[in-house]
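Trainee: Here's my sequence, what's the structure:
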Amino acid sequence: MFRRSERGDEFPDEEVLAARNAATQAFLALDDEQRAVAEAVRVAMELGSGSRLRQEWTGIAAVGDAATSAYLTATQEHPLDGSRSTRGARDADEKALREIERAREAIRRFRAGHSRTLDEAEYAARTLPRTVQEARTALVTARTAVEGATAAGVRSRRAEERLGEAEQGAAALDAAGAGLRERRAAAQRTLELARSAASLAADAPRTAQQVRTALTSIATRRAAAETKAGRIAPALSALRREFSEPCSRDLTGAENAAREAIADAGRAVAEAGRLADAGDWDEAADQVTAARSALARAEDRHDAVVDRLAALREVKADPARHAADARFVLRDAQRLVVDRGLVREFGPILDAQSVRLDNAQERLTGVHPDYWLYLSELRGIQERVREVVAEARRAAS
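Mentor: Numbering: from 1, shown residues only. So this is what the prediction gives:
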C-alpha cells in the first residue's frame, strides 16, 4: 500500500478546484466565441469584405490562441488527479483565466466594431439553405407554368427564356468547388428568374387577349391616321400662303414622314398577326407596341402642322393680346418676388424677360412678320417666368 508521499503529493483543495473550474468554463466560452467569429469572418471575406477585416481578425485570433495555449499548459503541467503536486496549479489557472478574459474582451470589441459586416455574413450563411430550397421550388413551379401555357396555346417566349436561364443558374447551386458567395448569387438569380418565368407564363392568356383586342383597335386608328395624313398637305399649303417661310420651314416633309410612319405601323401589324397565329404572344405584343408608336409619330406630324396653322392664325388676329397675356404673367411674378423679399435673387431674371418681351414685339414688323418666332418667344418667356416663380416659392418656404 502506497503512502500519499510516495504517490506524489496531496489532492487539490476547494480553492484549487474552483480556480481550475473557473478557467475551464472561461476556456469553453472563449472557444465557442472565437470559432463563431472566425466563421463569420470567413464568410464575410467570401462575400467580398476587405482584407483589413481579415488582418485585424488575425491579430485578435492570435490573442485567443495564446490564451488557449496558457490554459492547456496549466492543465497539462498541473493535473488535479493526485498524480502530481498541486503546488502552483491555482496560480497557473488564475493566470490563464486572466489571459482568457482579455482574449474574450478583445473578441467582443472586434465583434462590436464589425457588427454590421459580421451580422450580414452570419445571416447569409444561416439563410442560404432556405434560399436554395426556395429557388428549387420556384423552378419547379415555373416549369409547370410554362408547360401549361404552351399546352393551352398561349406560349410565352419570354417565359421560356427566363426558365432556361433559371435552369442554367440552378446548375451552379451544386457545382463542385462553389463557395458560399457563388451559391448565394446563383440561388438568388435562379429564384428571380424562375419567379419571372412563372409570372410571364401566368400572364400569357391576358397578353394574348390584349393582342387580339389591340389588332382590331389599331386597324381603326390606322385608318384615322391615313385620313389625318391627307389633311397635312392642305394645312401646310395654307401655312405657306398666309405666313412667312420661317413659320413652316421645320414642317417640310411632314406628310412624307407621316405616311412612312403609317407604313411602318402596317408592317408591324402584319408581323404581329403572323406571330399571333404562331402563338408567340410576347413577340406579337412587342409588334403591337411598335405599331402604336409608329401611328403616334404619324399623328404628331399631322398635329404639328394643323396646330401650327391654328395657333398662328390666332396670334395674327390679335398679337397684342398674346403679348398682354405674357406681360400679365411676368408682372404677377414680379409682385411675388417683391412681396417675398427675393428681388436680389430673381429680379434680374424677370427684368431680362421683360426686355425679351419688348424685343419680340419690336421684331413683329413688315408685310409678313415671323409670327412663329414671336409666338415661340412669348411661350419661352412664360415658361421661364413659371420656373422663376417655382424657384421663388421654394426659396421662401
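Trainee: show me where pLDDT drops low in the stretch 51-200 of the chain?
Mentor: Within the stretch 51-200 of the chain, the stretches with pLDDT under 70 are 51, 174-179.
Trainee: swap in the stretch 251-397 of the chain?
Mentor: In the stretch 251-397 of the chain (pLDDT under 70), no residue qualifies.
Trainee: All the helices of the stretch 101-250 of the chain, residue numbers only.
Mentor: With DSSP state H, counting those that start in this stretch as the criterion, the stretch 101-250 of the chain has helices at 115-151, 157-171, 180-242.
Trainee: Just give me the neighbour total for the closest residue to residue 48 other than its chain neighbours.
Mentor: In space, and not counting its chain neighbours, residue 48 is closest to residue 181: 6.9 Å by Cβ to Cβ, 6 or more residues apart in numbering. Glycine gets a C-beta too; all of them are placed from N, C-alpha and C. Residues within reach of residue 181, counting by other Cβ atoms under 10 Å, total 14.
Trainee: what's residue 181 in contact with, if anything?
Mentor: Residue 181 sits next to 46, 47, 48 when contact means Cβ atoms under 8 Å, 6 or more residues apart in numbering.
Trainee: Mind putting those residues into CSV with pLDDT and secondary structure?
Mentor: Converted to CSV, those look like this (pLDDT from 0 to 100; DSSP: H, G, I helix; E, B strand; the rest coil):
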residue, pLDDT, secondary structure
46, 75, helix
47, 71, coil
48, 72, coil
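Trainee: Which of those are buried? Put it as a PyMOL command.
Mentor: Per 16 or more other Cβ atoms under 10 Å, the buried members of the contacts of residue 181 correspond to this PyMOL selection:
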select buried, resi 46+47
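Trainee: Closest to residue 148 out of the contacts of residue 181?
Mentor: Closest approach between the contacts of residue 181 and residue 148, by Cβ to Cβ: residue 47, at 37.7 Å.
Trainee: What values do phi and psi take at that closest one?
Mentor: Note on residue 47: its backbone torsions stand at phi -80, psi 0 [degrees, to the nearest 10].
Trainee: what residues are up against it?
Mentor: Residue 47 sits next to 120, 121, 124, 180, 181, 184 when contact means Cβ under 8 Å, 6+ apart.
Trainee: ok, now how distant is it from residue 124?
Mentor: Separation of residue 47 from residue 124 (Cβ to Cβ, to the nearest Å): 6 Å.
Trainee: Which residues are in contact with each of those two?
Mentor: Residues touching both residue 47 and residue 124 by Cβ under 8 Å, 6+ apart: 180, 184.
Trainee: if we can go back for a sec, what would the helices of the stretch 101-250 of the chain look like in JSON lines with distance to residue 99?
Mentor: Shown next, in JSON lines, are the helices of the stretch 101-250 of the chain (distance: least, Cβ to Cβ, whole Å):
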{"stretch": "helix 115-151", "distance to residue 99": "24"}
{"stretch": "helix 157-171", "distance to residue 99": "49"}
{"stretch": "helix 180-242", "distance to residue 99": "33"}
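Trainee: For residue 287, find the nearest of those.
Mentor: Of all the helices of the stretch 101-250 of the chain, helix 180-242 sits nearest to residue 287, with 8.7 Å by Cβ to Cβ.
Trainee: Past that closest one, which element shows up next along the chain?
Mentor: Sequence-wise, the next helix or strand downstream of helix 180-242 (DSSP states H and E) is helix 254-277.
Trainee: how much space between the residue nearest to residue 48 and residue 37?
Mentor: Per Cβ to Cβ, residue 181 is found 19 Å from residue 37.
Trainee: is it true that residue 12 touches residue 20?
Mentor: Yes: at 7.4 Å, residue 12 counts as touching residue 20 under the criterion of Cβ atoms under 8 Å.
Trainee: Enumerate every residue touching residue 53.
Mentor: With the criterion set at Cβ under 8 Å, 6+ apart, residue 53 makes contact with 41, 44, 45, 114, 117.
Trainee: So between residue 12 and residue 20, which is more surrounded?
Mentor: Neighbour count, other Cβ under 10 Å: between residue 12 and residue 20, residue 20 has more, with 25 against 20.
Trainee: check which helix or strand covers that one.
Mentor: Assigned by DSSP H and E, residue 20 falls in helix 14-46.
Trainee: could you check the angle helix 180-242 makes with that helix?
Mentor: 30 degrees (axes from the mean of the first three to the mean of the last three Cα atoms, to 10 degrees).
Trainee: quick one: helix 14-46 to helix 115-151, angle?
Mentor: Using the same axes, to 10 degrees: helix 14-46 against helix 115-151 is 50 degrees.
Trainee: Next SSE downstream of helix 14-46?
Mentor: Assignment by DSSP H and E places the next element after helix 14-46 at helix 51-77.
Trainee: Could you measure from the nearest residue to residue 372 once chain neighbours are set aside over to residue 254?
Mentor: In this structure, residue 372 finds its nearest non-sequential neighbour in residue 247, 4.0 Å apart by Cβ to Cβ, 6+ apart. From residue 247 across to residue 254, the span is 13 Å (Cβ to Cβ).
Trainee: got it, and residue 272?
Mentor: Per Cβ to Cβ, residue 272 is found 27 Å from residue 254.
Trainee: can you check residue 391 too?
Mentor: 37 Å.
Trainee: Which of the two has more residues huddled nearby?
Mentor: Set residue 391 next to residue 254 and count neighbours by other Cβ under 10 Å: residue 254 wins out with 24 against 15.
Trainee: thinking again about what came up before, mind checking which of the helices of the stretch 101-250 of the chain is nearest residue 282?
Mentor: helix 157-171 (4.6 Å).
Trainee: for the closest one, which positions count as buried?
Mentor: Under 16+ other Cβ under 10 Å, the buried positions of helix 157-171 are 157, 158, 159, 160, 161, 162, 163, 165, 166, 167, 169, 170.
Trainee: what's the answer for stretch 57-66, then?
Mentor: 57, 60, 61, 63, 64.
Trainee: what's the last one in contact with, if anything?
Mentor: Each residue near residue 64 by Cβ under 8 Å, 6+ apart is listed here: 30, 34, 103, 106, 107.
Trainee: mind redoing it with 6 Å?
Mentor: 34, 103 (Cβ atoms under 6 Å, 6 or more residues apart in numbering).
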